[in-house]
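Q: no sequence on this one, just coordinates:
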DNA sequence: GTTCTATTCAATAAATCTATTGAATAGTTG
DNA sequence: CAACTATTCAATAGATTTATTGAATAGAAC
């Protein structure tokens, strides 16, 4: 095979893989699946698209070997094929945060509106966790907490926060985290906590980001 | 702004960035620019496309903040905006090598045909370089070698290899490297060396991959 | 200020991608 | 085996992307 033909072929193959990621719905799906495997129905519900549409996008991801499936009784559960896929998305995300002004502004504005402007990152969290004064809250649904969480975190799904809040001490500092920088559970939690007079900030990243950094992860 | 509206907007912005990468020509351009900045004309020549077409693709990359420009006299030189962009491409590439059978096969076949099947990776290279018996050859054009190379490498652009080869000792082991895993200069060099009875292998990765690993890089 | 040259723009036709709908399928449960 | 249900398929119309042309532009050089 001639050099140019080879190059065209190989870059075309890579571009097909990139194309599979190059869609807002599919990025959202990858972000979700980075969390844990999910059925078509669950994905459709969380991303607010039709089941047929979600299925179609999942087919695209599957055809490009970014996700694979496991049958479980009546359901088919989709997974990312491995951590590398999430890492690629995570790198893309970083480039976006760093370079695309619109993305930055959109996120800042959203957080400002929620009164959740201050965020700390994973490095800062590691330092702070050494202090007894910091309490870490995992705002995701229970199942996600159970399938893996940051060691030392308390499971406080958003719906339970309002009752849980009564038990919290005012003299502590709270850090809330959820699925990732684009997940808004933690922002909502921080908003509620601040309103009630607690000192609270969100963690910029989420559990999958913690995990791909190779930091220890607890599972129940 | 409502949660769903926020999510749609933010994932759309990210997907626009990914779309900018989702084209074979543009991936090749990113791969090239990871090497060093280049003018439109240079890019058009190396990728064998028309200048108008190359320019159009560069506009797409520029609009997405993946590349920027610097005027130099009569020419405009395009650069990647930062290392993160190349790292993202590098991660994508890894996923492709690992998960997409067609990509693997294509590359293996091409190397087989060039008699350059055995490749070592950067980790192995670091170990081997401790031995006096291993000689590292940089097969890229002189300018690229000068703008940065792996410490200890000899500059042997492909055109000069045939004359250079007369000076080489048969009892050494040669490692050839070039721009990256999809660059074929090193394969050609290995083929020539093997044909003449030298022990030679290529380095799987290229100089930019060495650099983003944070390993030391010499420049003249 | 005119000429020159690298680069960009504009227009177009072909190809590809997307959401929606409703029907089809495959595997499970009773 | 029949009924059921999660998922996929197929068809379509509208939107987006792409390569190719040849013309336009903007800055450098003289």
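A: Thanks, I have the structure now. Keep in mind the model is a prediction, meaning the values are calculated, not measured.

Q: which other helices and strands contact the helix ranked longest in chain A?
A: Criterion DSSP state H: the longest helix present in chain A is helix A:3-21. Counting contacts by 3 or more Cβ pairs under 8 Å, 6 or more residues apart in numbering or on different chains; DSSP states H and E, helix A:3-21 packs against helix A:24-33, helix A:51-63, helix A:83-99, helix B:3-21, helix B:24-33, helix B:83-99, helix B:101-113. Every C-beta, even on glycine, is put in place using the N, C-alpha and C of the backbone.

Q: could you pull up the mean pLDDT of the third one?
A: Helix A:83-99 carries an average pLDDT of 91.

Q: give the buried residues for it.
A: For helix A:83-99, burial by neighbour count (16 or more other Cβ atoms under 10 Å in any protein chain shown) applies to A:84-93, A:95-96, A:99.

Q: over to residue A:182. Which of the three states is it?
A: coil (DSSP: H, G, I helix; E, B strand; the rest coil).

Q: what residues are up against the nearest residue to residue A:12 once chain neighbours are set aside?
A: Spatial nearest neighbour of residue A:12, chain neighbours left out: residue B:24 (4.5 Å); criterion: Cβ to Cβ, 6 or more residues apart in numbering or on different chains. Residue B:24 is in contact with A:8, A:11-12, A:14-15, counting by Cβ atoms under 8 Å, 6 or more residues apart in numbering or on different chains.

Q: name the member of the residues you listed with the most neighbours.
A: With neighbours taken as other Cβ atoms under 10 Å in any protein chain shown, the top of the contacts of residue B:24 is residue A:14, carrying 25 neighbours.

Q: next one: it relative to DNA strand D, how far apart?
A: To DNA strand D, residue A:14 is 13 Å away according to Cβ to the nearest atom of the strand, to the nearest Å.

Q: the longest helix of chain A near DNA strand C anywhere?
A: Yes. Shown here: helix A:3-21 in contact with DNA strand C (Cβ under 7 Å from any atom of the strand) through residue A:19.

Q: contacts for that helix, please.
A: Outside helix A:3-21, the residues that reach it (Cβ under 8 Å, 6+ apart) are A:1, A:26-27, A:30, A:60-61, A:63-66, A:88-89, A:92, B:18, B:21-28, B:31, B:48, B:92-93, B:95-96, B:100, B:102-103, B:106-107, B:110, B:182, B:184.

Q: and the residues you listed, which are buried?
A: Applying a neighbour-count criterion of 16+ other Cβ under 10 Å, the buried members of these are A:26-27, A:30, A:60-61, A:64-66, A:88-89, A:92, B:18, B:21-28, B:31, B:92-93, B:95-96, B:100, B:103, B:106-107, B:110, B:182, B:184.

Q: returning to that earlier point: mind putting the contacts of residue B:24 into CSV with pLDDT and distance to residue B:215?
A: CSV is the format used below for the contacts of residue B:24 (pLDDT from 0 to 100; distance: Cβ to Cβ, whole Å):
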residue, pLDDT, distance to residue B:215
A:8, 92, 31
A:11, 94, 26
A:12, 93, 31
A:14, 94, 25
A:15, 94, 29
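
Q: next, give me the two most distant ones among these.
A: Spatial extent of the contacts of residue B:24 (Cβ to Cβ) is set by the pair A:8 and A:14 at 11.2 Å.

Q: which stretches of chain A have low pLDDT?
A: Along chain A, the model assigns pLDDT under 70 to residues A:116, A:220.

Q: residue numbers of chain A in contact with DNA strand C?
A: Checking chain A against DNA strand C by Cβ under 7 Å from any atom of the strand, the hits are A:19, A:22-23, A:25, A:49-50, A:52-53, A:56-57, A:60, A:71, A:73-74.

Q: try it again with 6 Å
A: A:19, A:23, A:25, A:50, A:52-53, A:56, A:71, A:73-74 (Cβ under 6 Å from any atom of the strand).

Q: tell me the one of those residues nearest DNA strand D?
A: Using Cβ to the nearest atom of the strand, residue A:52 comes nearest to DNA strand D of the residues of chain A next to DNA strand C, at 3.7 Å.

Q: next, count neighbours for that closest one.
A: Around residue A:52 there are 10 residues (other Cβ under 10 Å).

Q: that one: what's it in contact with?
A: With Cβ under 8 Å, 6+ apart, residue A:52 has no contacts at all.

Q: same question, residue A:139
A: A:156-158, A:161, A:176-178, A:185-186, A:188-189.

Q: 7 Å instead, please
A: A:156-158, A:176-178, A:185-186, A:189 (Cβ atoms under 7 Å, 6 or more residues apart in numbering or on different chains).
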